[in-house]
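Participant: one predicted model, sequence on top.
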Amino acid sequence: MEIYLPIAEMSVQWLVILGMGFGVGFLSGLFGVGGGFLLTPLLVFYGIPSGIAVATTLSHVTASSISGALAQWRKRAIDFKMAGVMLCGGFAGTAFGVWLFAVMRRAGQMDLVVSLSYVVLLGTVGGLMLNESLAAIRAARNGVPPSARPLNRGWIQALPLKARFRKSRLYISVIPPILIGFAVGTLSAIMGIGGGFILVPAMIYLLRMPTSMVIGTSLTQIIAVTALTTLLQATSNYAVDILLAAILILGGVVGAQFGARAGDRLRGEQLRLLLALLVLAVFLRLLWGLVVTPPDFYSVSLGA
Amino acid sequence: MKQLAVVLLLLLARPAAAAEELVSGVSQDTIQITSNYTGSDIVVFGDIEGQQSAAGRDIVVVVRGPDTDIVVRRRDRVAGVWINHDAAGLNGMPSYYFLASTRPLSAIANAAMLARYDIGLQNLQPDSVHSHHDYEPFRQAALRHLGQEKLYSETPGGVEFLSDTLFRAHVPVPASVTRGQYNVEVFLFRAGAIESAQSTPLFIDQTGLERRLYNFAHNSPLTYGLAAVLLAVIMGWMSSVIFRRPA
């Protein structure tokens, strides 16, 4: 059951690829993350060249995000105004990221930068989420009624250019969403991810959006950013393998539907605890790879 | 045409007492990579015409892929973290190198002779090198890694004789080979010297849908990128419609 990929120029077991797509799609439907941070390392581990893995993962993320976003849209759980504001920063960030990518590649330290950004980001975000969701679950168990959403405090409330986001029941400055969009756009181009695992916590903890709105809104932002990055990768690096993408997407979109269903049965803080554990698991795996003595000190790439 | 005829005539008219002559061929002159391509096996075969004696003659079969640039990186521990610290670029190395011989190379000819004709993995040298240090450890790492991927191999005893003069060698071509023109070289050694040699081209190319997709991606990348995005959008939307739950 092998199939030859025209751009990656190698043959793969398509059932394995389909399974990877399904598994990652399931998680994306469940948590509202694109799953790029899982799929890219999985594909590289399977033997797909990392450039192709990064670029092709993005179109998988687009597809499962659309699938998930439509499910959220029917639940009226998307704040389009917020998504639009974040995208202004997102597109600028993507362009900046593509430029930064080229600079770092010339300096020959792309791998290190990518690994370190993964480790720092996943470690920080995973730790924060784990802490918060455990506290919420403990509070619920002790019979404390779930507290009302805490009010915005400090510097975010003090910023100018305030706008009303009716869906999210927020009245905040547009500067933080634009900055978040910019940061995630940059990371998307550099790391080959949609950025959901940063967007979701940033929207919950920094913007204080309701969790019910966060998933649909972040998916909307991810769709636009990954679509743009796919285009840029296809035109500048010829790195998008459309056949690989099709197999991944097929598994991914089906998985996303099942994931969204499973998500209905879990409470917000339970979802966040599971996502935190997943993020931390990937963090530990990547940290291990950086710290442990490699079996072979040399790596070889052809046609570079 | 006339010139060719003259050459042929001269060749045929050579006295029978001349040195031994090698005649060889390949089971396929092209390999088409299709959607179910998982690697293949070609056979290089040949015959020694006018063989003087079966003793003391050796056959070496070499298949070389198109040249490529290889980048080898070495990881070092910096502040507790393993990072790519040093790299060497080896330019003009074969992307594929297969060697089969009747006996170990060292028994067939001396080192200088083998080096002159690029025979043997240890004689593969880059045309140019980008490195701050001695590149030899990096070259050895490249030989080791490509060997593990079955792109580089050397098999003493890989050439078998079917009769006194008729020989063949099986050449495995893995799915990860580069497309392009390959060269099949067959050498006849006697007493450490090359008696006769023959070179045959072999083409490896994609075909059908794979070829069209590859061309599409490289000739009109913007349309290709849009198609990839559109594919993602349509498949995402379709699954959502198919799996739609009653509201």
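Facilitator: Everything's here; your move.
Participant: can you list the neighbours in contact with stretch A:37-45?
Facilitator: Contacts with stretch A:37-45, where a contact means Cβ atoms under 8 Å, 6 or more residues apart in numbering or on different chains, come from A:20-21, A:24, A:27, A:50, A:52-54, A:56-57, A:60-61, A:118, A:122, A:191-193, A:197, A:248, A:278-279, A:282, A:285-286. For glycine as for every other residue, the C-beta is placed from the backbone atoms N, C-alpha and C.
Participant: restrict those to contacts with chain B.
Facilitator: Counting by Cβ under 8 Å from any Cβ of the partner chain, the subset of the contacts of stretch A:37-45 that neighbours chain B consists of residue A:60.
Participant: now the strands for chain B?
Facilitator: B:21-26, B:30-33, B:40-49, B:57-64, B:67-78, B:81-94, B:97-101, B:128-130, B:152-156, B:159-161, B:166-173, B:180-190, B:193-206 (DSSP state E).
Participant: so which of the contacts of stretch A:37-45 are in helices?
Facilitator: Counting by DSSP state H, these place A:20-21, A:24, A:27, A:50, A:52-54, A:56-57, A:60-61, A:118, A:122, A:191, A:197, A:248, A:278-279, A:282, A:285-286 in helices.
Participant: now, of the residues you listed, which are buried?
Facilitator: Neighbour-count burial (16 or more other Cβ atoms under 10 Å in any protein chain shown) applied to the ones in helices among the contacts of stretch A:37-45 gives A:20-21, A:24, A:27, A:50, A:52-54, A:56-57, A:60-61, A:118, A:122, A:191, A:197, A:248, A:278-279, A:282, A:286.
Participant: what residues does the stretch 151-300 of chain A put near chain B?
Facilitator: Checking the stretch 151-300 of chain A against chain B by Cβ under 8 Å from any Cβ, the hits are A:227, A:230-235, A:238, A:240, A:242-243, A:245-246, A:249-250, A:253-254, A:256-257, A:261, A:290-294, A:296-300.
Participant: 6 Å instead, please
Facilitator: Neighbours of chain B within the stretch 151-300 of chain A, by Cβ under 6 Å from any Cβ of the partner chain: A:227, A:230-231, A:234-235, A:238, A:240, A:242, A:245, A:249, A:253, A:257, A:290, A:294, A:297-300.
Participant: now, of those, which are buried?
Facilitator: Buried, going by 16+ other Cβ under 10 Å: A:227, A:230-231, A:234-235, A:238, A:240, A:242, A:245, A:249, A:253, A:257, A:290, A:297-300, out of those.
Participant: sort out for me which of those are in strands.
Facilitator: A:298-300.
Participant: tally of neighbours for residue B:66?
Facilitator: Counted with other Cβ atoms under 10 Å in any protein chain shown, residues neighbouring residue B:66 total 16.
Participant: so what's the closest residue to it other than its chain neighbours bridging to?
Facilitator: Nearest non-adjacent residue to residue B:66, counting by Cβ to Cβ, 6 or more residues apart in numbering or on different chains: residue B:180, 3.7 Å away. Note on residue B:180: beta-bridge partners residue B:204, judged by DSSP bridges.
Participant: and what of the one 4 residues further on?
Facilitator: Under DSSP bridges, the beta-bridge partners of residue B:184 are residue B:63, residue B:200.
Participant: ok, so what distance separates it from chain A?
Facilitator: For residue B:184, the distance to chain A equals 21 Å [Cβ to the nearest Cβ, to the nearest Å].
Participant: list the buried residues for the longest helix along chain B?
Facilitator: Longest among the helix segments of chain B by residue count, using DSSP H, is helix B:221-242. Neighbour counts over helix B:221-242 (16+ other Cβ under 10 Å) mark B:221, B:224-229, B:231-233, B:235-237, B:239-240 as buried.
Participant: can you tell me what sits against that helix?
Facilitator: Applying Cβ atoms under 6 Å, 6 or more residues apart in numbering or on different chains, the contact partners of helix B:221-242 are A:59, A:62-63, A:66-67, A:70, A:227, A:230-231, A:234-235, A:240, A:242, A:245, A:249, A:253, B:216-217.
Participant: which outside residues touch stretch A:164-179?
Facilitator: Under Cβ under 6 Å, 6+ apart, the answer for stretch A:164-179 is A:79, A:81-82, A:85-86, A:88-89, A:156, A:159, A:161-163, A:209, A:213.
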